[in-house]
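K.L.:
Generate coordinates for the sequence data below:
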Amino acid sequence: MTKWLSAYYDDNIVLASNIIKAGGLVAFPTETVYGLGANALDKVAVAKIFEVKGRPEFDPLIVHLSKKEDIFLYSKFVNDDVKKLIDVFWPGPLTVVLEKKDVIPSIVTAGLSTVALRMPNNVVALKLIEYSGVPIAAPSANPFGYVSPTSAYQVAETLNRKIDCILDGGKCYFGLESTVITFKNGDVLLLRPGALEIEKIERVVNKSVKFHNDSEILAPGQLQKHYSPRKETVLMYPVLHDGNVDYMGTVKKVYEILKTKFNNFEDLFLILPSREFEVNENDFGVVDYLSDEFDFRVIASYLFE
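P.N.:
Presented below is the predicted three-dimensional model:
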């Protein structure tokens, strides 16, 4: 039976940390999404993550730390760019992929010589890691290929009775995964876009971030299919006029595209980024707006909700 513990009581975080110490699985909140955590130094515990999620073993995990200086415990080489970035963005939604030390089991890194490390900006996550006394390996707390959970209730929908504990810390702030980068020959390479903007990284290191074009999987989120809704999904970009969003033109385009694909709008769940887009809600089964005023952070936060 899965324990459901409120993270607003420190004693419950201690109980969850004891589960981690004992080799169990705990779903816990971060500022990005809920993670499914296990002791990163216990290969048997980490194997449970892959089993519960149905995750392929070639897909590496992110190791979560509670202190910046712990990066030196688990990675061999920390260059000046890494030091600058973690000084500014840790704790936060930035994951760095570095050469690993042998203390990290190969199952965590999918047999790679590198490990993905991050320090989450969430007091519950930081306390859980600190109280556990070990780094915590944690992908998103959902079956492989599903959208990431941003609340404890979403975790329970798919993982209840399959894991030891759900630590309920409320809704996640960002609702998007962390940005993942690595370093090669003096370059900063983007492995996965996420909650931290590339432009902010570039300002700190004073160089352009390049895209990683190699087919080798070095971090989570690099598979061709990832975070997949279970229904047919149509992604549409807004119509622009003189560089600004043409709301009426975009709404017309919405109707034109949907008419070519669907016979009955009443069966559709239409998600719009902002209430600036005015549609006839009676035409659709459900209409939802991610933001009132086209705030991209708010849009991201509600995208997976």
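K.L.:
contacts and neighbour counts: CA atoms only from here.
P.N.:
OK.
K.L.:
which residues touch residue 168?
P.N.:
By C-alpha atoms under 8 Å, 6 or more residues apart in numbering, the contact list for residue 168 reads 4-7, 28-29, 151-152.
K.L.:
Let me have those residues in TSV, extended by neighbour count and secondary structure.
P.N.:
Converted to TSV, these look like this (neighbours: other C-alpha atoms under 10 Å; DSSP: H, G, I helix; E, B strand; the rest coil):
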residue	neighbour count	secondary structure
4	19	strand
5	19	strand
6	16	strand
7	23	coil
28	30	strand
29	33	coil
151	21	coil
152	24	helix
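K.L.:
Among those residues, which one sits closest to residue 257?
P.N.:
Set against residue 257, the nearest of these by C-alpha to C-alpha is residue 151 (32.4 Å).
K.L.:
That closest one reaches residue 31, doesn't it?
P.N.:
No: if you go by C-alpha atoms under 8 Å, residue 151 and residue 31 don't touch, sitting 11.0 Å apart.
K.L.:
who touches both of the two?
P.N.:
Taking C-alpha under 8 Å, 6+ apart as the criterion, residue 151 and residue 31 both touch residue 172.
K.L.:
how about the strands of the stretch 201-305 of the chain, start to end?
P.N.:
Counting by DSSP state E, counting those that start in this stretch, one finds strands in the stretch 201-305 of the chain at the ranges 209-211, 240-241, 244-245, 269-272, 286-289.
K.L.:
And for the second one, what's in contact with it?
P.N.:
In other words, strand 240-241. The contact list for strand 240-241 (C-alpha under 8 Å, 6+ apart) reads residue 246.
K.L.:
Going forward, the N-terminal residue is numbered 23.
P.N.:
Taking 23 as the first residue, the last one we looked at is strand 262-263.
K.L.:
Tell me the gap between that strand and the middle of its chain.
P.N.:
Distance of strand 262-263 from its chain centroid, counting by C-alpha atoms, centre = their mean, to the nearest Å, is 31 Å.
K.L.:
Likewise for the last one?
P.N.:
Distance of strand 308-311 from the chain centroid (C-alpha atoms, centre = their mean) equals 24 Å.
K.L.:
And for it, what's in contact with it?
P.N.:
The contact list for strand 308-311 (C-alpha under 8 Å, 6+ apart) reads 288, 290-297, 303.
K.L.:
what do you get for the fourth one?
P.N.:
The set of residues that contact strand 291-294 without belonging to it, under C-alpha under 8 Å, 6+ apart, is 306-312.
K.L.:
which of those residues lies closest to residue 160?
P.N.:
Among those, and counting by C-alpha to C-alpha, the member closest to residue 160 is residue 312, at 27.2 Å.
K.L.:
residues in contact with that closest one?
P.N.:
293-296, 320-321, 324-325.
K.L.:
Give me the three-state assignment for residue 210.
P.N.:
strand (DSSP: H, G, I helix; E, B strand; the rest coil).
K.L.:
rewinding a little: of the contacts of strand 291-294, which is the most crowded?
P.N.:
residue 312 (21 neighbours; other C-alpha atoms under 10 Å).
K.L.:
Relative to residue 219, how far out is that one?
P.N.:
Residue 312 sits 19 Å away from residue 219, going by C-alpha to C-alpha, to the nearest Å.
K.L.:
do the same with residue 145
P.N.:
22 Å.
K.L.:
now swap in residue 48 and tell me
P.N.:
Residue 48 is 29 Å from residue 219, where distance means C-alpha to C-alpha.
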